[in-house]
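**Student:** Sequence first, predicted model second:
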Amino acid sequence: MAEGFANKYSSYKAFSAGTKKTNLDPLAVKVMSEIDIDISQHFSKTFNELSSINFKYIFTLCSDAEENCPITVSYTHLTLPTNREV
């Protein structure tokens, strides 16, 4: 969802990745389509799969990412509730 929002509303090319692969949530696809953002072709990636890209900005969104992503550049961590905490 973050990748979809960022690519629609910013001038940057955004990528989303996690510490482990998961499935694309059909509900997320449905909700995003309701606001005219198509994420149906998105797929789960790990940070290591994007390691060849030279990122200008990196944002982590959960404590697992903050603790486990192999980030070696400056980054910003935003603490957001997970779907288990909402």
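**Tutor:** The structure has been received and is ready for your questions. Numbers count the residues shown, from 1 in each chain.

**Student:** Go through stretch 27-39 and flag the buried ones.
**Tutor:** For stretch 27-39, burial by neighbour count (16 or more other CB atoms under 10 Å) applies to 29, 32, 37, 39. For every residue, glycine as well, the C-beta is placed using N, CA and C.

**Student:** Need these in CSV (columns: pLDDT).
**Tutor:** Below are the buried residues of stretch 27-39 laid out as CSV (pLDDT from 0 to 100):
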residue, pLDDT
29, 95
32, 95
37, 95
39, 95
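
**Student:** From those residues, which land in helices?
**Tutor:** Using DSSP state H, the subset of the buried residues of stretch 27-39 located in helices is 29, 32.

**Student:** For residue 52, state which of the buried residues of stretch 27-39 is nearest.
**Tutor:** Among these, residue 39 lies closest to residue 52 (CB to CB), at 22.8 Å.

**Student:** Could I get the full set of helices for the protein?
**Tutor:** Counting by DSSP H, the chain has helices at residues 2-9, 26-34, 63-68.

**Student:** Which one, of those, ends up nearest to residue 18?
**Tutor:** Using CB to CB, those put helix 63-68 closest to residue 18, at 6.9 Å.

**Student:** what's the average pLDDT for that closest one?
**Tutor:** What helix 63-68 shows for mean pLDDT is 66.

**Student:** begin at 51 from here
**Tutor:** Happy to do that; since the first residue is 51 now, the last one works out to helix 113-118.

**Student:** Pipe the buried residues of stretch 77-89 into JSON lines and attach distance to residue 98 per row.
**Tutor:** Converted to JSON lines, those look like this (distance: CB to CB, whole Å):
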{"residue": "79", "distance to residue 98": "25"}
{"residue": "82", "distance to residue 98": "26"}
{"residue": "87", "distance to residue 98": "26"}
{"residue": "89", "distance to residue 98": "22"}
